[in-house]
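J.: Coordinates for the following, if possible.
(one chain, ligands or ions: 2)
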Amino acid sequence: MEFPDKEQATLTVLGAGAWGSALAELAGHNGHKINLWSRRLGNTLEEAVEGADLIVSAISMKGVAATAGKLQEIGIPDHVPIVTATKGLDAESTRTPSQIWHEDFPDHPIVVLSGPNLSAEIERHLPAATVVASADMAAAEFAQKLFASSLLRVYTSNDPMGTELGGTLKNVIAIASGVCDGLELGINAKSALLTRALTEMIRIGTHLGGQTETFFGLSGLGDMLATCNSALSRNYRVGYGLAKGKTLEVILQELGSTAEGVNTTNVLIAIANREKIPVPISEEVYRLLNNEINPQEAVEALMERDLKPEFHEQEF
Ligand SMILES: NC(=O)C1=CN([C@@H]2O[C@H](COP(=O)(O)OP(=O)(O)OC[C@H]3O[C@@H](n4cnc5c(N)ncnc54)[C@H](O)[C@@H]3O)[C@@H](O)[C@H]2O)C=CC1
Ligand SMILES: O=C(CO)COP(=O)(O)O
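T.: Ligands and ions are numbered 1, 2, ... in the order given. Now for the predicted structure:
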């Protein structure tokens, strides 16, 4: 499929929160025309997608299925790619955002955009890199061209599932990392946590269809490093706040925006139990978020697990 080679393309960005606004600004910086849609802006979805060369979804996980359903009723021309930038798992169906978009739009190229992209840094025009991944390489290259600039280096990938799961699973680990820093456990502990967390992400991520090497790239390890080391990350702040004795309710109220890791942890544990995949770090995050243990007990539980080799033969 050939995509339009225009100086000025028209992009529709669904979701005018922190990430949707930053993505709109990045594409706008390249001279493209942006139609921004959100429930609060007052324009209709129908108006927003009219004439779009590409549609970007940056809405929170909880709104993806309903918005995709509405857009399906409206209909969009077949060749228009849908780029999904949401990092989460659907609470009801356990599907990823790209799976939802693909089921509703089986004839459209679906592209996943994910990487170490803290929106507050992007808004300050600090340099960053990201990945656009799709089974349709021409569509990934089209998205690459629209977003790449001196502000954002964009790589392509043919592994949408691995790219999407890296960005999604690391939010659970960011909560654990915030706990680690909040309890002031030190750099040895944090290095151990993040390294074992990557093994855990690869174990579940490859089981769900991602490629191992993708988790070592920008959308996996890269995003884990960004999110697990920055107080700009809302998921990190959830863990940090819990370690400092705040309740989840108060932390989320103070954040006032999306921390996907909370819902993702619950869905991930449902998947891990169903598929019988061990996810010990995520399991402790789950118990902590659900008031079954306190932060100190979570650390003790991880330290006291059965002794074992670092790698199983079948891993990697
Ligand atoms: N902020 C960041 O640094 C980054 C965020 N992301 C991901 O992007 C997604 C959105 O995050 P933010 O923009 O930061 O969150 P936000 O809380 O700032 O904005 C959320 C957006 O989703 C919309 N929304 C929420 N529920 C909805 C529903 N039921 N129907 C339709 N729209 C709905 C809101 O109106 C708003 O436009 C999340 O999945 C997040 O993990 C990805 C990369 C970076
Ligand atoms: O995904 C992100 C950075 O890549 C944003 O992280 P938070 O959602 O934790 O703020």
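
J.: Tell me, how many residues neighbour Gly51?
T.: 12 (other C-beta atoms under 10 Å). C-beta coordinates here come from the backbone N, C-alpha and C atoms, glycine included.

J.: Next SSE downstream of whichever helix or strand Val13 is part of?
T.: Assigned by DSSP states H and E, Val13 belongs to strand 10-14. Next helix or strand after strand 10-14 toward the C-terminus (DSSP H and E): helix 18-29.

J.: That next one vs ligand 1: in contact?
T.: Yes - shown here: helix 18-29 in contact with ligand 1 (C-beta under 6 Å from any ligand atom) through 18-20.

J.: Quickly check: the strand holding Val13 near ligand 1 or not.
T.: No - using C-beta under 6 Å from any ligand atom, strand 10-14 stays clear of ligand 1, with a minimum separation of 7.4 Å.

J.: Spit out the contact partners of Ala176.
T.: 193, 197, 239, 281-282, 284-285, 298 (C-beta atoms under 8 Å, 6 or more residues apart in numbering).

J.: rerun at 7 Å
T.: Contacts for Ala176 were tallied using C-beta atoms under 7 Å, 6 or more residues apart in numbering; they are 193, 197, 239, 281, 285.

J.: likewise Thr227?
T.: 170-171, 174, 233, 235-236.

J.: repeat for His29
T.: Taking C-beta under 7 Å, 6+ apart as the test, what His29 contacts is 149, 151.

J.: Equivalent analysis for Ala22, please.
T.: So Ala22 contacts 119, 122-123 (C-beta under 7 Å, 6+ apart).

J.: Now a ChimeraX select for only the buried ones of those residues.
T.: In ChimeraX, a selection of the buried entries from these looks like this (16 or more other C-beta atoms under 10 Å):
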select :119,122
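
J.: Which of the contacts of Ala22 fall within strands?
T.: Judged by DSSP state E, the contacts of Ala22 include no members of strands.

J.: quick one: low-confidence parts of this protein?
T.: Counting by pLDDT under 70, the chain shows low-confidence ranges at 313-316.

J.: which bits of it sit near ligand 1?
T.: Residues of the chain lying near ligand 1 (C-beta under 6 Å from any ligand atom): 15-20, 38-39, 58-63, 66-67, 85-88, 117-119, 257-258, 260.

J.: on that earlier part again, CSV for the contacts of Ala22, including distance to Asn291?
T.: As requested, these are exported to CSV (distance: C-beta to C-beta, whole Å):
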residue, distance to Asn291
Ser119, 30
Ile122, 35
Glu123, 35
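
J.: ok, so of the contacts of Ala22, who is nearest ligand 1?
T.: Ser119 (3.4 Å; C-beta to the nearest ligand atom).

J.: mind checking how far that closest one is from ligand 2?
T.: According to C-beta to the nearest ligand atom, to the nearest Å, Ser119 and ligand 2 sit 7 Å apart.

J.: next one: Gly167
T.: Distance of Gly167 to ligand 2, computed by C-beta to the nearest ligand atom: 6 Å.

J.: correct me, but that residue touches Ser219?
T.: Yes - counting by C-beta atoms under 7 Å, Gly167 does reach Ser219; the two are 5.5 Å apart.

J.: and the two? which has more neighbours close in?
T.: Ser219 (35 against 30).

J.: Asp181 sits in which helix or strand?
T.: Per DSSP H and E: helix 160-182 holds Asp181.

J.: buried ones in the next helix or strand along the chain from that helix?
T.: Per DSSP H and E, the first helix or strand lying C-terminal to helix 160-182 is helix 187-207. In terms of neighbour count (16+ other C-beta under 10 Å), helix 187-207 has its buried residues at 189-190, 193-194, 196-198, 200-206.

J.: which residue packs closest to Ala197, ignoring adjacent ones?
T.: Ile173 (4.2 Å; C-beta to C-beta, 6 or more residues apart in numbering).
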